[in-house]
Each structure stands twice: as C-alpha cells, then as structure tokens.
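Peer 1: attaching a predicted model along with its sequence, questions to come.
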Amino acid sequence: MPAAMGVLRAVVPSLGWLVWVVWVALLVMAVMVAMGVPVVSAVTGLSSPVRASMVVMAVWVVSAVMVVLVV
C-alpha cells in the first residue's frame with residue numbers, strides 16, 4: 001500500500017481535476033459496495049456478494065487504466 005500511495009503522489013500533479021474526481025468517486029463507490037452499504041446496493045442492484053466483488057474489481061481496473069492513459 002505505501003508503494004501505491006507513492007505512485008499516487010507522483011501521478012496526482014499530472015492528472016486533470018476531472019479525472020481525479022472520477023477516480024475518487026469510483027474508489028468510494030467500490031468501498032461502499034464492498035461494505036454492502038444499502039443505498040449503493042439498491043442503486044446498483046447488487047445484492048449478491050459475488051456480483052459486488054466483481055464490480056469492485058472492475059472499478060479498480062478502470063481506475064488503473066485511467067491513470068495509465070493520463071500518464
């Protein structure tokens with residue numbers, strides 16, 4: 001995790017504000033889905049832990065791709 005934070009600190013200055021806002025929103029959504037927050041589960045229709053975990057993984061992949069494309 002410390003390595004990931006170092007990468008973020010190096011990448012953040014080169015990110016546009018919009019990309020950064022989307023990144024944070026995706027990560028927050030992933031954490032909320034993983035925790036089983038009812039509102040998010042209702043919005044996304046994810047009642048199954050398996051489907052929720054798949055969404056979390058997809059969010060992480062999209063986030064990583066966004067950083068690679070921006071850098």
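Peer 2: Done, it's in.
Peer 1: pull the number of nearby residues for Ala30.
Peer 2: Counted with other C-beta atoms under 10 Å, residues neighbouring Ala30 total 21. All C-beta spots, glycine's among them, are computed from the backbone N, C-alpha and C.
Peer 1: so it sits against Val56, correct?
Peer 2: Yes: applying C-beta atoms under 8 Å, one finds Ala30 in contact with Val56, separated by 4.5 Å.
Peer 1: and Val24, what element?
Peer 2: Using DSSP states H and E, Val24 falls within helix 17-35.
Peer 1: got the CA coordinates for that helix in PDB?
Peer 2: In PDB, the C-alpha atoms belonging to helix 17-35 read as follows (Å, rounded to 0.1, in the frame of the first residue of the first chain):
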ATOM      1  CA  TRP A  17      -9.100  17.700 -11.900                       C
ATOM      2  CA  LEU A  18     -12.000  15.900 -13.600                       C
ATOM      3  CA  VAL A  19     -10.100  12.600 -13.900                       C
ATOM      4  CA  TRP A  20      -9.100  12.900 -10.200                       C
ATOM      5  CA  VAL A  21     -12.700  13.500  -9.200                       C
ATOM      6  CA  VAL A  22     -13.900  10.500 -11.200                       C
ATOM      7  CA  TRP A  23     -11.100   8.300  -9.700                       C
ATOM      8  CA  VAL A  24     -12.000   9.200  -6.200                       C
ATOM      9  CA  ALA A  25     -15.800   8.700  -6.900                       C
ATOM     10  CA  LEU A  26     -15.100   5.200  -8.300                       C
ATOM     11  CA  LEU A  27     -12.900   4.200  -5.400                       C
ATOM     12  CA  VAL A  28     -15.500   5.500  -2.900                       C
ATOM     13  CA  MET A  29     -18.200   3.600  -4.800                       C
ATOM     14  CA  ALA A  30     -16.100   0.400  -4.700                       C
ATOM     15  CA  VAL A  31     -15.500   0.600  -1.000                       C
ATOM     16  CA  MET A  32     -19.200   1.300  -0.300                       C
ATOM     17  CA  VAL A  33     -20.300  -1.600  -2.500                       C
ATOM     18  CA  ALA A  34     -17.700  -3.900  -0.800                       C
ATOM     19  CA  MET A  35     -19.000  -2.900   2.600                       C
END
